[in-house]
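# here is the input, now give the coordinates:
(one chain, ligands or ions: 1)
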Amino acid sequence: MINALRGMKDLLLPESEKYLYFIENCSRIAKNYGFEFISTPILEESALFKRSVGESSDIVGKEMYEFIDKGDNKVCLRPEGTAGIVRSFIQNKTDRTGGVKRFFYYGPMFRYEKPQKGRFRQFYQFGVESFGVSDVKEDAAIILMLNEILNFFKIKTVLKLNSLGCSACMPSYRIKLVKFLDSLDGLCDDCMRRKVLNPIRVLDCKNAQCQSLLTNAPLLIDALCDECKSDFENLKSILDKFHINYEIDPKLVRGLDYYSKTAFEFVSADIGAQSSIAGGGRYDRLVEILGGKPTPAIGFAIGVDRILELVFLDEKKRDGIYIGTIEREAQDLAFLAAVTLRRRNKVDIEFEAKGLKNILKNADKANAKYCVCIGENELRSGILWVKNLDTKENFGIKKELLGEFTW
Ligand code: HAM
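Numbering: from 1, shown residues only. Presented below is the predicted three-dimensional model:
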């Protein structure tokens with residue numbers, strides 16, 4: 001008996017149906033906002049994530065599914081989607097053509113984390129990435145879109161917002177922060193590592209002792225340059241105009257190193273300790289860091305697994321045709337009928353059923369609108385027995401006329 005690996009699971013009904021419903025509606029909303037679908041490989045060179053997500057992040061430091069392939073390449077199952085899309089954006093020379101490009105994507109991501117409720121080693125994200133717009137209206141549009149998605153599924157969340165500054169204000173703040181961190185005694189080992197690699201990551205350490213030491217830490221939001229300050233004010237005023245509630249969280253730094261300026265997370269009180277449903281932000285330096293032409297960019301990703309438990313499917317209308325046969329001799333006719341009907345309808349088929357009662361029960365379970373039964377009588381007469389499961393009426397249809405009937 002071989003089981004799925006720890007932290008990985010099969011998506012079965014009803015989750016699999018919710019997954020499709022969720023992705024279909026996110027895709028529809030993203031297209032309304034001018035985003036096009038992109039799909040990038042699940043396997044990438046490890047260096048891509050080291051240079052983008054960053055050495056100080058837990059993702060690169062501890063969680064990568066990394067191995068050497070048969071060609072001696074150091075490769076990695078993608079832990080997130082942004083880096084691969086930036087790689088593709090540069091590789092396909094889209095950075096050279098200028099203009100604006102907006103992508104949406106979905107699929108599995110892999111992080112070797114300790115599995116628990118809402119935290120898996122293979123999980124699914126739906127995300128968007130927008131390239132070429134530095135105006136803060138793009139930040140607002142992205143947050144409005146994410147808000148629209150959450151509203152569509154009637155999911156209650158709190159939006160946490162912060163600004164992480166830019167290359168003008170970040171370096172001097174960093175010096176101030178490191179000076180403060182150096183004065184502390186008792187930071188955890190992770191924070192000691194982060195202090196060297198990316199000191200702002202210390203701010204969102206989950207360790208209670210570190211948090212108590214950080215009470216008086218200097219905050220980036222107080223050290224923003226004029227441009228970052230005015231961008232942040234503009235963003236807040238657009239969100240206010242559209243009645244989007246938010247909380248400013250000066251310690252929200254996100255777990256990935258590539259962010260600058262706007263950073264945000266939507267959290268929910270309804271899903272347990274792993275409360276972050278979606279997160280994102282600006283990453284204006286990343287295209288350049290990965291070898292492309294400097295291009296402003298912003299995006300987000302939703303943790304689909306976490307959201308599915310909050311997604312409820314509408315009571316579905318009956319749909320399609322359920323064909324059942326009892327006698328072996330009826331199978332050819334049933335098969336032919338299914339092939340004909342499938343040109344325009346959804347058709348389920350059951351061979352060697354246990355009797356009419358059973359066929360009707362299974363048709364009901366499959367939520368079919370019509371049940372067609374083919375037995376001895378039908379074979380002889382060429383007239384098939386049909387029941388409309390909505391109206392409960394039954395009637396006969398000549399086998400030659402199956403394709404003409406409006407089901
Ligand atoms: P992230 O915050 O690392 O951001 O992940 C986004 C979302 O993925 C989280 O809010 C969470 O819902 C979900 N998630 C993360 N790890 C797990 C896990 N182990 N199990 C289940 N769900 C998980 C990013 O990945 C960025 N690439 C987002 C982004 C796009 N920023 C700019 N563009």
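# how far does the helix or strand containing residue 86 sit from its chain's centre?
Per DSSP states H and E, residue 86 falls inside helix 82-91. In terms of CA atoms, centre = their mean, to the nearest Å, the centre of helix 82-91 is set 18 Å apart from its chain centre.
# output that helix as PDB, nothing but the C-alphas.
Below are the C-alpha coordinates for helix 82-91, written out as PDB (Å, rounded to 0.1, in the frame of the first residue of the first chain):
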ATOM      1  CA  THR A  82       6.200  35.100  -9.100                       C
ATOM      2  CA  ALA A  83       9.800  34.100  -9.700                       C
ATOM      3  CA  GLY A  84       9.000  31.800 -12.700                       C
ATOM      4  CA  ILE A  85       6.700  34.500 -14.300                       C
ATOM      5  CA  VAL A  86       9.400  37.100 -13.900                       C
ATOM      6  CA  ARG A  87      11.900  34.600 -15.500                       C
ATOM      7  CA  SER A  88       9.500  34.100 -18.400                       C
ATOM      8  CA  PHE A  89       8.900  37.800 -18.800                       C
ATOM      9  CA  ILE A  90      12.600  38.400 -19.200                       C
ATOM     10  CA  GLN A  91      13.400  35.200 -21.200                       C
END
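# and whichever helix or strand comes after it, which residues are buried?
Downstream of helix 82-91, the first helix or strand assigned by DSSP H and E is helix 94-97. Residues of helix 94-97 classed as buried by neighbour count (16 or more other CB atoms under 10 Å): 94, 95. Placement of C-beta: from N, CA and C, glycine included.
# relative to helix 82-91, how tilted is the helix or strand just after helix 94-97?
Using DSSP H and E, the helix or strand that follows helix 94-97 towards the C-terminus is strand 101-110. Calculated by axes from the mean of the first three to the mean of the last three CA atoms, to 10 degrees, strand 101-110 forms an angle of 140 degrees with helix 82-91.
# quick one, the helix or strand following strand 101-110 and strand 101-110 angle?
On the C-terminal side of strand 101-110, the closest following helix or strand by DSSP H and E is strand 122-131. Per the same axes, to 10 degrees, the angle that strand 122-131 makes with strand 101-110 is 160 degrees.
# quick check on whichever residue of the stretch 201-350 of the chain sits closest to the ligand: phi, psi?
In the stretch 201-350 of the chain, no residue comes nearer to the ligand than residue 303, which is 2.0 Å away by CB to the nearest ligand atom. When read as degrees, to the nearest 10, the backbone of residue 303 gives phi -80, psi 100.
# how is this protein divided into domains?
Following automatic domain parsing, one gets these domains for the chain: 15-169+224-308, 321-404.
# include mean pLDDT when you put those into TSV, please.
Below are these laid out as TSV (pLDDT from 0 to 100):
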stretch	mean pLDDT
domain 15-169+224-308	96
domain 321-404	94
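# what does the stretch 301-407 of the chain have sitting close to the ligand?
Proximity of the stretch 301-407 of the chain to the ligand (CB under 6 Å from any ligand atom) is limited to residues 301, 303, 305, 306.
# in helices, which of those fall?
305, 306 (DSSP state H).
# helices along the stretch 251-400 of the chain, start to end?
Secondary structure of the stretch 251-400 of the chain (DSSP state H, counting those that start in this stretch): helices at 286-289, 304-308, 331-341, 356-365, 376-381.
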